[in-house]
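Trainee: Generate a structure from the sequence data that follows.
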Amino acid sequence: MILNNVTTITGNGPVSMQIKNGKMMPVKDTAADVLQLMFDNALVFPGLVNSHDHLDFNLFPQLGNRVYNNYTEWGEYIHENYKEEIAAVLKVPLALRINWGIFKNLLCGVTTVVNHGEPLTINDPPINVEQCHSLHSVQFEKRWKKKLNNPLKRKLPVVIHVGEGTDELSNHEIDELIHWNLLNKKLIGVHGVAMSEQQAKKFEALIWCPASNYFLLNKTAPANYLKKNTTILFGTDSTLTGSWNIWDHIRLARKTKMLTDSELYSSLHTSAGSWQTNSLNLNKGYVVVANKRKKETGFESFFSTDPADILLVVYEDSIRLFDATMLDQLTSIDLSAFSKIYINDTCKYVQGDLPGLMKQITEFYPAAIFPITSS
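Mentor: Residues are numbered from 1 along each chain as shown. Got it, this is the predicted structure:
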């Protein structure tokens, strides 16, 4: 597959790029049977990595109506005050909720999402779904010390919510986690709002979720200081605490100016190699092409992207989503494997039966609100 007339993040002008054997590279193969796609002022970049999501929680609306001291206070509050709302969503079978969470990410140009929680059964997803060695948190995970020091999982990094609050309890639990990491396993913390620079040295990486943090705590992790001692990855969390649209989260992060544009971009791409799992491979043909704003630099155009702007998503050399304006160039594609949907009146074709999934969900949860419509 050759992408013509596209601009890279750091490129000075339109170029042609080839996707071959899972890698994006300058054009080398000009064989007649290679698919040629022509774009008009488009930006090309690797598919996004969402390093923190709860795939089965993305049918929830945002729950909470004030600022909380920590995640335990918020958790107790919503289970006391939003019992009906929570019960209504949980009527939807788990498999349907998971599939919607995957599509939510695909529609935004995410090609790798890391799910936090119990292992899920997922058959042939249209994007890469990573399932890591997850512990929920020091406060909520039963027997967390034993699970943390499981010798059978010694080589796997442990992913855990930690320091999600603004009080002393939140800071103390980070110290407690570090103290009980007896096997010196690699720790990947999530949120870390209460984390200090010294504590950050003990973590392989911190997953920064600023939109979720501001919604719950009106404060986020000091990524501008923590980045000196650990790797910063980017995550959204679920729609319980943030927008479905990862680009809203990214723009909020940029406004904080805690990371440079290059660092923020890296947290969504190259830094994600910190996972060091057996299957995470960021060079398998995960590519996104989006409309480029005229006269904007690559970074400016990247950060102003929205799902409606996405023209093409490629995963493992296969097209998983494309804009309707590309139909004339994709005459050989099997449209029966795709469904037509609309994002802000912009027509897209997405692999899989997304309208059918939405219909199934509303049979269990009539109040479900989706950010897309179908024909």
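
Trainee: What are the boundaries of the strands in the stretch 201-350 of the chain?
Mentor: Using DSSP state E, counting those that start in this stretch, the strands found in the stretch 201-350 of the chain span residues 205-208, 231-234, 287-291, 310-315, 318-323, 338-343, 346-351.

Trainee: confidence score at the closest residue to S339 other than its chain neighbours?
Mentor: Excluding the flanking residues, the one nearest S339 by C-beta to C-beta, 6 or more residues apart in numbering is L354, at 4.9 Å. C-betas here are computed from N, CA, C, even on glycine. With respect to pLDDT, L354 scores 97.

Trainee: just for this protein, where's the confidence low?
Mentor: Along the chain, segments meeting pLDDT under 70 span 22, 29, 271-285.

Trainee: let's go with 80 and repeat that
Mentor: Scanning the chain for pLDDT under 80 picks out 11-13, 20-25, 28-33, 270-285, 294-296, 375.

Trainee: residue nearest the centroid of it?
Mentor: N50 (2.1 Å; C-alpha atoms, centre = their mean).

Trainee: Just the element for that one, please.
Mentor: Per DSSP states H and E, N50 falls inside strand 48-53.

Trainee: Next, the residues that contact that strand from outside, please.
Mentor: 101, 105, 108-116, 190, 207, 209, 233-238, 246, 268-269, 272, 275, 282, 288 (C-beta atoms under 8 Å, 6 or more residues apart in numbering).

Trainee: Isn't the residue nearest to S339 up against I341?
Mentor: Yes. Assessed by C-beta atoms under 8 Å, L354 is found in contact with I341 at 5.7 Å.

Trainee: Pull out the buried residues from the longest helix anywhere in the chain.
Mentor: What stands out as the longest helix in the chain, according to DSSP state H, is helix 94-107. The neighbour-count check on helix 94-107 (16 or more other C-beta atoms under 10 Å) flags 96-107 as buried.

Trainee: do you know how far H54 is from M24?
Mentor: Distance of H54 to M24, computed by C-beta to C-beta, to the nearest Å: 30 Å.

Trainee: How about A337?
Mentor: To M24, A337 is 23 Å away according to C-beta to C-beta.

Trainee: Start and end of stretch 63-70, how far apart?
Mentor: Using C-alpha to C-alpha, to the nearest Å, one end of stretch 63-70 lies 14 Å from the other.

Trainee: so what's L216 up against?
Mentor: L216 sits next to 64, 67-68, 71, 74, 164, 241 when contact means C-beta under 8 Å, 6+ apart.

Trainee: Please pick the buried ones from those residues.
Mentor: Buried among the contacts of L216 by 16+ other C-beta under 10 Å: 64, 68, 71, 74, 164, 241.

Trainee: Go through these and name the one nearest A32.
Mentor: The closest of those to A32 turns out to be T241 (C-beta to C-beta; 50.8 Å).

Trainee: In contact with that closest one, which residues?
Mentor: T241 neighbours (C-beta under 8 Å, 6+ apart): 62-64, 211-212, 215-216.
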